[in-house]
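Colleague: I'd like to go over a predicted model; first the sequence, then the structure.
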Amino acid sequence: MPADEHALEALSSLVLSSVLASAQQESFNGIRADVALRRCRITDRSPEPIAALLQREQIDCVFQCRDGNPYIKRLTELDRARQLSLLDCEALETFCLYPSRRVLAAAVEDHAFRNRPFSRALMLGEAQLDFVAFDLAVLGRYRADPRYRVTFEDYAGHMAIRDGPFSDDDFPDRDKISVQSFGLGFDEEDLPYVIAFHRYLADLTPDHQQYWNSFRVDRPVQMCRPYFQSSVIGDIWENHSVREAIAAEMELINVMAEAAFGSPSSVS
């Protein structure tokens with residue numbers, strides 16, 4: 001029997017309230033499908049109620065078969081046709097429910113995470129590995145401050161407060177921050193940008209989220225391939241770095257010069 005309107009409304013409300021409560025704890029977790037149905041006293045294990053809400057664009061599903069941990073919306077949601085097709089073959093215990101972006105846009109209050117733009121983006125349904133592009137100058141503040149450690153080599157880097165300031169009670173808590181990982185992206189003219197995932201940006205304090213947001217660029221930027229491979233799909237980029245290639249070439253030039261002229265070249 002199709003679920004009645006009352007049951008569908010209860011299910012939709014439960015998914016929304018559960019995810020919003022999780023967002024307040026900065027977890028942004030979904031609710032497992034079988035748990036949601038049970039809490040709404042929908043005893044039939046048919047996915048029909050979920051399919052009905054999917055068709056109404058009230059929820060989205062994150063499937064374990066696509067991403068290992070469905071409790072986290074790591075990747076942008078699948079189109080609804082694909083989600084509906086997966087409902088027919090995936091067990092209720094293997095996927096989680098989330099409010100749709102449309103539902104979240106109507107439900108999330110304007111003041112929620114107002115001073116934390118990247119946390120707010122997650123609250124509004126952005127995937128945790130959706131990225132934001134920034135002008136390279138965003139790192140200037142931290143490079144110029146010896147209390148921070150910044151590395152950015154080839155296509156990836158990270159930034160964090162050093163141990164001394166972190167342990168210093170007189171150092172402001174708002175500045176005890178880190179970005180676990182950021183990478184390299186390029187626009188259509190091959191100009192470089194810093195890119196970072198919403199998940200790591202959301203860990204910044206309000207002051208630093210607003211600082212990073214002030215360097216945000218709105219033009220289309222694509223993540224470079226090696227950073228995508230290493231940070232999204234977990235493949236190690238096998239090529240050596242450009243720096244290593246230059247060093248190897250300089251060494252080869254010296255070997256050739258010594259063989260030809262009896263002494264290394266002036267390149268070093």
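Modeller: Right, received. Where do you want to start? For clarity, every value in this text was computed on a predicted model and none was experimentally measured.

Colleague: Would you confirm that F197 contacts F131?
Modeller: Yes: using C-beta atoms under 8 Å, F197 is in contact with F131, at 5.3 Å. Where C-beta positions appear, they are placed from N, C-alpha and C, glycine not excepted.

Colleague: and the strand or helix carrying P226, how far from the chain's centre?
Modeller: Taking DSSP states H and E as the criterion, P226 maps to helix 225-231. Mean-position distance between helix 225-231 and its chain equals 13 Å (C-alpha atoms, centre = their mean, to the nearest Å).

Colleague: and that helix, what other elements does it pack with?
Modeller: On a contact count with 3 or more C-beta pairs under 8 Å, 6 or more residues apart in numbering; DSSP states H and E, helix 225-231 meets strand 156-161, strand 178-186.

Colleague: hmm, 7 Å instead?
Modeller: If contacts are counted by 3 or more C-beta pairs under 7 Å, 6 or more residues apart in numbering; DSSP states H and E, helix 225-231 sits against strand 178-186.

Colleague: Also compute the angle for the strand it packs on relative to strand 156-161, please.
Modeller: Using axes from the mean of the first three to the mean of the last three C-alpha atoms, to 10 degrees, one finds that strand 178-186 and strand 156-161 are set 150 degrees apart in direction.

Colleague: What residues of the helix or strand just after strand 178-186 count as buried?
Modeller: Heading C-terminal from strand 178-186, the first helix or strand you meet, by DSSP H and E, is strand 192-197. Of the residues in strand 192-197, 193-197 count as buried by neighbour count, 16 or more other C-beta atoms under 10 Å.

Colleague: Strands of the chain, start to end?
Modeller: Secondary structure of the chain (DSSP state E): strands at 31-32, 59-63, 95-99, 131-134, 148-153, 156-161, 178-186, 192-197, 222-223.

Colleague: now those as a markdown table including distance to A112 and mean pLDDT?
Modeller: Formatted as a markdown table, these follow (distance: least, C-beta to C-beta, whole Å; pLDDT from 0 to 100):
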| stretch | distance to A112 | mean pLDDT |
| --- | --- | --- |
| strand 31-32 | 19 | 97 |
| strand 59-63 | 20 | 97 |
| strand 95-99 | 14 | 98 |
| strand 131-134 | 19 | 97 |
| strand 148-153 | 29 | 94 |
| strand 156-161 | 27 | 96 |
| strand 178-186 | 23 | 96 |
| strand 192-197 | 21 | 97 |
| strand 222-223 | 28 | 96 |
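
Colleague: Just tell me which of those ends up closest to A105.
Modeller: Comparison of the strands of the chain against A105 by C-beta to C-beta identifies strand 95-99 as nearest, at 9.6 Å.

Colleague: same for the closest one, what does it pack against?
Modeller: helix 5-24, strand 31-32, helix 33-39, strand 59-63.

Colleague: what lines up beside the last one in the sheet?
Modeller: Put plainly, it is strand 59-63. Sheet partners assigned to strand 59-63 using DSSP bridges are listed as strand 95-99 (antiparallel).

Colleague: ditto for the shortest one
Modeller: Sheet pairing here is set by DSSP bridges, and for strand 31-32 it gives strand 95-99 (antiparallel).

Colleague: Please save the CA atoms from the partner strand in CSV.
Modeller: Extracted C-alpha coordinates of strand 95-99, given in CSV (Å, rounded to 0.1, in the frame of the first residue of the first chain):
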residue,chain,number,x,y,z
PHE,A,95,22.1,4.4,2.3
CYS,A,96,21.2,7.6,4.1
LEU,A,97,18.6,10.3,3.6
TYR,A,98,19.2,14.1,3.4
PRO,A,99,16.9,17.0,2.8
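
Colleague: Now do it against helix 5-24, angle only.
Modeller: Interaxial angle, strand 95-99 versus helix 5-24 (the same axes, to 10 degrees): 90 degrees.

Colleague: could you redo the strands of the chain as CSV and give each row distance to Q209?
Modeller: Formatted as CSV, the strands of the chain follow (distance: least, C-beta to C-beta, whole Å):
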stretch, distance to Q209
strand 31-32, 27
strand 59-63, 25
strand 95-99, 23
strand 131-134, 11
strand 148-153, 16
strand 156-161, 14
strand 178-186, 11
strand 192-197, 11
strand 222-223, 21
